[in-house]
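J.: Dropping the sequence and predicted coords here.
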Amino acid sequence: MKRILIALTLITAVFASATCTRRGGNCADPGGTIKIGVYGDLTGQTSSFGQSTKNGSQMAADEINAAGGINGRQVQLIHEDDQGEPGKAATVVTKLINQDQVRALIGEVASSNSLAAAPHAQEAKVPMISPSSTNPKVTQVGDYIFRVCFIDPFQGEVMAKFAANSLKAKKAAILFDSNSDYSKGLVQFFKAAFTKLGGEIVTEKAYAQRDRDFTGQLTAIRDLKPDVIYVPGYYQEVGVIAKQTKQLGITAPLLGGDGWDSPQLWDLGGDSLNGSFISNHYSVDDPTPVIQDFVKRFKAKYNGTAPDALAALGYDAMMVLADSIKRANGTECAALRNAIATTRDFKGITGIISLNEERNAVKSAVVLELRNKQFVYKETIAP
Amino acid sequence: MDTFVQQLINGLNIGAIYALIALGYTMVYGILRLINFAHGDIYMVGAFAGYFIALKLGLGPSWGGLLFVLIGSMVVAALVGMAMERLAYRPVRKYARMTSLITAIGVSLLLENLFVALFGGQGRGFPQLINDTNFALFGNAAISKSQILIFAVSIALMVILQWIIFKTKVGTAMRAVSFNLNSAKLMGINTDAIIMFTFALGSALAAAGGVLTAQYSPTIDPLMGITTGLKAFVAAVLGGIGNIPGAVLGGLLIGVAETMVVGYGSNIGIQSTYRDAVAFAILILVLLIRPSGILGTTVQEKV
Amino acid sequence: MRVPRKLGFTENMISFVKRFLIALIIIAVLYALNLAMSKTGLFGFGVPLYQVDLWKMAGINIILAVSLNLINGFTGQFSIGHIGFMAVGAYSSTFMTVYYTQGLEQWLAGMVGASVAAAIVFALVIIIGALAAALAGLIVGIPTLRLRGDYLAIATLGFAEIIRIVITNMNKVGGATGFRGCVDPITNITCSDPSLGRLTIPAYTNFFWIGFLAVITIVVIYNIVNSDMGRALISIREDELAAQAMGVNTTRYKVTSFVISSAFAGVAGALYGHWRLPHPNDFTFVRSFEIIIMIVLGGMGSITGAVLGALVITFVPEVLRMLPGGVYNYRLVIYALMLIIIMITRPQGILGNYEIASWLKRARKRPEGGGAIGGSTGAPIAEQSDSTKKSAKELENR
């Protein structure tokens, strides 16, 4: 009898869970509070990315609500954690769309995760704005996918130009992350631009995410005596790479991309990072009043933490979205999509944002030098 | 030539860490015939323990500080290992082997997820307890202080382990238990205590490995034990599971093979990303040719 | 044991009609469920779309668990490499879909319509996935099945990891970044030129396919277990040497069951690949552990146990997602704790060696019931004590 009871309870539980309300999923604006889903890596390997985006977008939403909302409607952000894994990103976005019935999505930072999630947003016709996925493929998923940052062909070119022109480098070695679309994309564009400028790529070595020992690759690179080493990875590995580079007595500067931008980088790499350069979306040292005002507000809200580029982009993504909802006068999916697509000359923190035909933002990039635990502004390179 | 020597040093260095962890696998297997899948996570626990000790005491680079962190983390890991044995493994010891194995997987998941929940999944920079400098050998080849440290400490620990097992009473008891648990019990040996001691010993060695790695590549995260643990386990099987010199040999062999593939593989068309496959390829070859591992049958002492 | 009896023509016909009707009913039910899980729903009612994904995953996990149970539970050969064969199935089938079936599908679509053409092509690539996985199973199985116990486990784990790392290094299928569509051979990133292959892997998989193949898997494994071969396999599990002495060709049976088990893992992979897009990180040894946990939890050597285990392991972590804020972060800790506690308190799994039907029957006839290996007859209680005895013996023998 006991067993039959257990079995019956199990079966009822399963069926009870399956008879919840049907999802909305339709395009019409339900009115009331505007729900927006923000997904990112909050606890995984690159959690500093997700946390920054969360803080930035939440600050934007709070400011919007404090100012009376969008056309009088309040904004509610629903944050979900995908642990930095593509598969989980897809699951989490499905949940946000169908369970929470969000009207728009903000995310992800890493291109691989955005690529995994984007098809679901596209299929459900829920506009998705990636704050900082730079791989070109992301917005090619469909016409509901946007981004407010520049793309890798530009970022790769910026660093190639900087290496060839400002650092007068002739020989470059590449050490890249074979697990990430972002890293592979940057390698491709850097290589093309650098060889076009008369430089030579002496070797390309790969590593896997979570690797902790890079001495094998670096020793092989050391033999070829490159002028610069391009390491377009994420901060988690880059910190260790920097340390082991110095351990092996390599003096060539390391070059990187926006994947390095995290306060954590300094804990991992320390002084061995000095003399490296990265391309990035904005600099916290930029004296422009808009930026300095933003930095001040952000520090006041989050216990003195300075906003990194991802926080600024998260803020911008939310603000672009709010502006579009205002112009579309609601969240009816096609109208909202069209409003986002026609964003022109929006004055964001990370620059003036205009979305082009491919739904990418056209913006300038900055080159920063790493010196004594600081990203020091070096130069701005326009598209 | 100097490049080759450099790669050899790099390889032996990782190999020494694998060896330290492999010792724990091999000792537990020798006694319980249990593949303790949670052992890689003990290595992680050790690294975290060292991290918090160094952070709480605000330790800077000093030999005393390093020694303190090393011993502190070994003690913490030993306690965790003993708790794990007492709470999870002992209750299932009387059941089928499969049950123990699943329990080990459960403990591994528990440690990983607990640490992710408590501290987040992101990596943390481990405080540097030595001023890392290089010593030139010849040509381009150099050895860093942290590398010398890894060699010195791991050799010292292995010598101590050998002494415990062969020269002390408790070591004799361990050997007796590994030889035959029930007979050992009949001889009046407190087998439960000996098993617990074995876990403590293995865990302490893994923790030392964790702290040493963190000096060399200064980042730790809750999932750091998965791959490293698996490779160390492979090293233990490679050398002959249950066999102590075998575990050391297996660890060094895998470390060197891996580094050589990364360094020279591209000359024969093997990408550096094949590195993780090397350990398994060697393992399978050895298992097929000599299933008991390299030193498996020739040396009888099993602990 | 039931003695097979020769059936007359009418009885044969009746049994055939009965089976045919059952098959029809199952297909109808699956079709209705598939509608209920689709966007339009069945008569406007349906499963919330968020849960649909879970049901699909549950179906795939059932295929994996039931097929692994053939080799681990019934043959007693401890393999931890099941996920490797799933990876082979996933990648080989999607590889065919992306690079080779586009023309075929268009040609068929002209004759039988687009949806039927897609179904035919999908069936074809599932078969290819299964065959590729079976071949991989054969290659891995012949050398490794000579090994025993832990060594076999380690070798299968090693092979699965090698399979994953080789895939990680194959640029043609997207390498470490996962397979989403055709890959440009020059730049090694996803291509934009449709003449090279499909730009995205079509999402053929729906609940009907998963459910249908899960039923097929269960039926096939059930029939194997209750055949002569099944008895041979169980004899190998109980005592390999004795089985050999009785004239059972143990190597052949072990390899055969390993290959069959791998083929079904390949089917699961093909279904997964045309739904979630395969990524090397989906096929790590941690996932192999997960499948083993399913069968151990449900009860080794029980088909319905494997099904139950697959359902529990799929749904429990998601149900734990509903926990309130503070506890939410600890959901996976709770999951791991539950696993350990179950192992300590109920080491034989939820059902032990029983099938659900006999397990329920046992509830009525308390002291001893007609439990079964694979549902027919047998002596499950003896089996249980056997394994404990065995482990005790092992301890003694050292």
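T.: Looks like it came in fine.
J.: Give me the secondary structure label for the closest residue to C:Leu145 other than its chain neighbours.
T.: Nearest non-adjacent residue to C:Leu145, counting by Cβ to Cβ, 6 or more residues apart in numbering or on different chains: C:Lys254, 4.7 Å away. Bear in mind the C-beta positions are built from the backbone N, C-alpha and C, glycine included. With DSSP: H, G, I helix; E, B strand; the rest coil as the basis, C:Lys254 sits in helix.
J.: now the closest residue to A:Gly259 other than its chain neighbours: how far from chain C?
T.: Among residues not flanking A:Gly259 along the chain, A:Tyr234 sits closest, at 4.4 Å (Cβ to Cβ, 6+ apart). A:Tyr234 sits 14 Å away from chain C, going by Cβ to the nearest Cβ, to the nearest Å.
J.: count of residues packed around A:Tyr234?
T.: 28 (other Cβ atoms under 10 Å in any protein chain shown).
J.: hang on, it packs against A:Ser47?
T.: No. At 11.2 Å, A:Tyr234 does not count as touching A:Ser47 under the criterion of Cβ atoms under 8 Å.
J.: Can you give me the distance of the residue nearest to A:Gly259 to chain B?
T.: 10 Å.
J.: so what's the residue nearest to C:Leu145 up against?
T.: For C:Lys254, the contact set (Cβ atoms under 8 Å, 6 or more residues apart in numbering or on different chains) comprises C:Thr75, C:Gln77, C:Gly141, C:Leu145, C:Ile236.
J.: give me the element A:Lys378 is part of.
T.: Per DSSP states H and E: A:Lys378 is located in strand A:374-381.
J.: hmm, who's touching that strand?
T.: Outside strand A:374-381, the residues that touch it by Cβ under 8 Å, 6+ apart are A:158, A:161-162, A:166, A:261, A:277-280, A:283-286, A:364-370.
J.: repeat that for 7 Å
T.: The contact list for strand A:374-381, computed with Cβ atoms under 7 Å, 6 or more residues apart in numbering or on different chains, reads A:Val158, A:Lys161, A:Phe277, A:Ser283, A:Asp285, A:Asp286, A:Ser364, A:Ala365, A:Val366, A:Val367, A:Leu368, A:Glu369.
J.: of these, buried ones?
T.: Neighbour counting by 16 or more other Cβ atoms under 10 Å in any protein chain shown classes A:Val158, A:Lys161, A:Phe277, A:Ser283, A:Asp286, A:Ser364, A:Ala365, A:Val366, A:Val367, A:Leu368, A:Glu369 among these as buried.
J.: so the third one makes contact with A:Ala365?
T.: No. A:Phe277 lies out of contact with A:Ala365 (Cβ atoms under 7 Å); the separation is 12.0 Å.
J.: mind checking how far the residue of the stretch 101-250 of chain A found nearest chain B is from A:Arg222?
T.: Among all residues of the stretch 101-250 of chain A, A:Gly216 sits closest to chain B, at 3.1 Å; criterion: Cβ to the nearest Cβ. According to Cβ to Cβ, to the nearest Å, A:Gly216 and A:Arg222 sit 11 Å apart.
J.: Mean pLDDT per element in chain A, and the minimum belongs to which helix or strand?
T.: Every helix and strand in chain A was compared by mean pLDDT, DSSP states H and E; the lowest is helix A:2-18, with a mean of 57.
J.: and the helix or strand following that helix with chain B, contact?
T.: The helix or strand immediately downstream of helix A:2-18 is strand A:34-40, counting by DSSP H and E. No. Using Cβ under 7 Å from any Cβ of the partner chain, strand A:34-40 stays clear of chain B, with a minimum separation of 12.4 Å.
J.: ok, is strand A:34-40 in contact with chain C or not?
T.: No. Counting by Cβ under 7 Å from any Cβ, chain C is not contacted by strand A:34-40; separation bottoms out at 12.6 Å.
J.: And for the residue of the stretch 101-250 of chain C at minimum distance from chain A, the neighbour number?
T.: Residue of the stretch 101-250 of chain C nearest chain A, by Cβ to the nearest Cβ: C:Ala176 (4.5 Å). By the criterion of other Cβ under 10 Å, C:Ala176 has 25 neighbours.
J.: helix, strand or coil for the nearest residue in space to C:Thr256 that is not next to it in sequence?
T.: Leaving aside its sequence neighbours, C:Thr256 sits nearest to C:Met229 (Cβ to Cβ, 6+ apart; 7.3 Å). Assigned by three-state DSSP, the conformation of C:Met229 is helix.
J.: Please report how far C:Met229 lies from A:Gly50.
T.: Per Cβ to Cβ, C:Met229 is found 52 Å from A:Gly50.
J.: quick one, which of the two is more surrounded?
T.: Set side by side, C:Met229 and A:Gly50 show more neighbours around A:Gly50, with 30 against 16, by other Cβ under 10 Å.
J.: which parts of the stretch 101-250 of chain C sit against chain B?
T.: Residues of the stretch 101-250 of chain C that fall close to chain B, judged by Cβ under 7 Å from any Cβ: C:143, C:147, C:150-151, C:154-155, C:158-159, C:161-162, C:165-166, C:168-169.
J.: try the stretch 51-200 of chain A
T.: So the stretch 51-200 of chain A meets chain B at A:Gln83, A:Ser178 (Cβ under 7 Å from any Cβ).
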